[in-house]
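Enquirer: Here is a sequence together with a model predicted from it:
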Amino acid sequence: MGLLTAACAAYASLAAWLWLTLAQGMFWRTDVRLPPRTAPARWPSVAIVVPARDEAEVLPRSLPSLIAQDYPGEAEVILVDDGSTDGTGELARRLAGEHPGLPLTVVSPGDPAPGWTGKLWALRHGIAIARTAHATEPDFLLLTDADIAHEPDSLRELVAAATSADLDLVSQMARLRVVGVWERLVVPAFVYFFAQLYPFRRINRPSARTTAAAGGCVLLRTTSAVRAGVPDSIRQAVIDDVSLARAVRRSGGRIWLGLAERVDSVRPYPALADLWRMVSRSAYAQLRHQPLLLAGTVAGLVLVYLVPPAALAAGLLTGHPAVAWAGGLAWLLMAGTYLPMLRYYRQPAALAPLLPFTALLYLLMTVDSAVQHYRGRGASWKGRTYARPSDA
């Protein structure tokens, strides 16, 4: 029975990897970049809205890049200080004085109203100011996190892509920082797993049912935001970027998601504990706080990522080559599909065979997310803990 179970698990894992490699929207490819674009006849106006809570550590490396945007049209930056206690607002004003460029407005909305997450409450306030501060509303809103640095032509390229392809939402997955040992091990896998769950090519089809965005960099038409009722319609969302994309698509908007070339996160995650908090704070929310989905996710991670090396070892140790071959081929497909992401992050190919270990870490982070939720500490971020939407 033990051998039969091992053989079935190995073959099932291999079948899963054949399906993932060939039929899951080519999620492993990293060539989904901004679509072909040309400069518009008239550059639309843009309001850049930056929600910020206790971001004094990263703001000197991110905010000047927004102020310095080389954009031919009318643009401004609105930083929403979401109850910071580290002088984020004052630092932003000082940086604006030191770095000439786009005008900066710093505002504070106060504590979130009941039923709102802090980030979406800040975005609501910033979008409202952007829409009412001038005689006419901005054509586009660039919603970008406070830890995201943009190359000088980032806004120009985003707008050109949106206008050329008549897109309502253009989102780029910012290139996260990869410096320390744990960042090298965990961060590329984070983007790889995200793309596996939300294949970019599939999302970018006009009729696609799979929908997502990357919250660090979202260019959104103002008319589309109004039509979708955002952010009010998603005010309780912990995973706000996916919820935003779904709201825009439901309202008839066209969306696009890809990997960034001009957008980088400057937030450091030097220790495993930092990365653990980043993942576990929202992992169970991604599973809609459903124990059955959690059990299915754990079983899926074990089958897809942990069975291949275990089957290879078991087959070699017990002298059953069929089991070893099935596990080895599944592990090879796993590592091979991970290589493009490692290249995108300029990391050595030697990290590819370690993906099962990283997947085990993510499994433990997901379980910990559920444990913290039932202890009343779920979806906690920077001093705030959010209830599940039905309890909010």
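Expert: Structure's in. What do you need? Residues are numbered from 1 along each chain as shown.
Enquirer: quick check: longest helix of this protein.
Expert: The helix that spans the most residues within the chain, counting by DSSP state H, is helix 321-344.
Enquirer: average model confidence for that helix?
Expert: Average pLDDT, helix 321-344: 97.
Enquirer: CA atoms only for it, dumped as CSV, please.
Expert: Output in CSV follows, covering the C-alpha atoms of helix 321-344 (Å, rounded to 0.1, in the frame of the first residue of the first chain):
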residue,chain,number,x,y,z
PRO,A,321,12.6,3.6,-10.8
ALA,A,322,9.1,4.5,-12.0
VAL,A,323,8.4,6.4,-8.8
ALA,A,324,11.8,8.1,-9.0
TRP,A,325,11.3,9.1,-12.7
ALA,A,326,7.9,10.5,-12.1
GLY,A,327,9.1,12.6,-9.1
GLY,A,328,12.2,13.7,-10.9
LEU,A,329,10.4,14.8,-14.1
ALA,A,330,7.9,16.7,-12.0
TRP,A,331,10.7,18.4,-10.1
LEU,A,332,12.4,19.2,-13.4
LEU,A,333,9.3,20.8,-14.8
MET,A,334,8.9,22.8,-11.6
ALA,A,335,12.5,24.1,-11.7
GLY,A,336,12.4,24.7,-15.4
THR,A,337,9.3,26.9,-15.2
TYR,A,338,10.9,28.8,-12.3
LEU,A,339,14.0,29.7,-14.2
PRO,A,340,12.5,32.7,-16.2
MET,A,341,11.4,34.3,-13.0
LEU,A,342,14.9,33.9,-11.5
ARG,A,343,16.3,35.5,-14.7
TYR,A,344,13.9,38.4,-14.4
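Enquirer: For that helix, which helices and strands make contact with it?
Expert: helix 2-23, helix 181-197, helix 307-318, helix 355-374 (3 or more CB pairs under 8 Å, 6 or more residues apart in numbering; DSSP states H and E). All C-beta spots, glycine's among them, are computed from the backbone N, C-alpha and C.
Enquirer: Go through the ones you listed and name the closest to residue 45.
Expert: Taking CB to CB, helix 181-197 is the member of the helices and strands packed on helix 321-344 nearest to residue 45, at 31.5 Å.
Enquirer: what about the protein, any weak spots by pLDDT?
Expert: By pLDDT under 70, the low-scoring segments of the chain are 1, 378-392.
Enquirer: can you pull out the helices in it?
Expert: 2-23, 59-67, 88-98, 118-132, 154-164, 181-197, 200-203, 222-228, 240-250, 272-286, 291-301, 307-318, 321-344, 355-374.
Enquirer: Same list (these) but as JSON lines, adding mean neighbour count and distance to residue 171.
Expert: Converted to JSON lines, the helices of the chain look like this (neighbours: other CB atoms under 10 Å; distance: least, CB to CB, whole Å):
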{"stretch": "helix 2-23", "mean neighbour count": "16", "distance to residue 171": "23"}
{"stretch": "helix 59-67", "mean neighbour count": "21", "distance to residue 171": "17"}
{"stretch": "helix 88-98", "mean neighbour count": "17", "distance to residue 171": "24"}
{"stretch": "helix 118-132", "mean neighbour count": "21", "distance to residue 171": "14"}
{"stretch": "helix 154-164", "mean neighbour count": "23", "distance to residue 171": "9"}
{"stretch": "helix 181-197", "mean neighbour count": "20", "distance to residue 171": "12"}
{"stretch": "helix 200-203", "mean neighbour count": "21", "distance to residue 171": "9"}
{"stretch": "helix 222-228", "mean neighbour count": "19", "distance to residue 171": "13"}
{"stretch": "helix 240-250", "mean neighbour count": "23", "distance to residue 171": "7"}
{"stretch": "helix 272-286", "mean neighbour count": "19", "distance to residue 171": "17"}
{"stretch": "helix 291-301", "mean neighbour count": "14", "distance to residue 171": "24"}
{"stretch": "helix 307-318", "mean neighbour count": "19", "distance to residue 171": "32"}
{"stretch": "helix 321-344", "mean neighbour count": "20", "distance to residue 171": "17"}
{"stretch": "helix 355-374", "mean neighbour count": "18", "distance to residue 171": "23"}
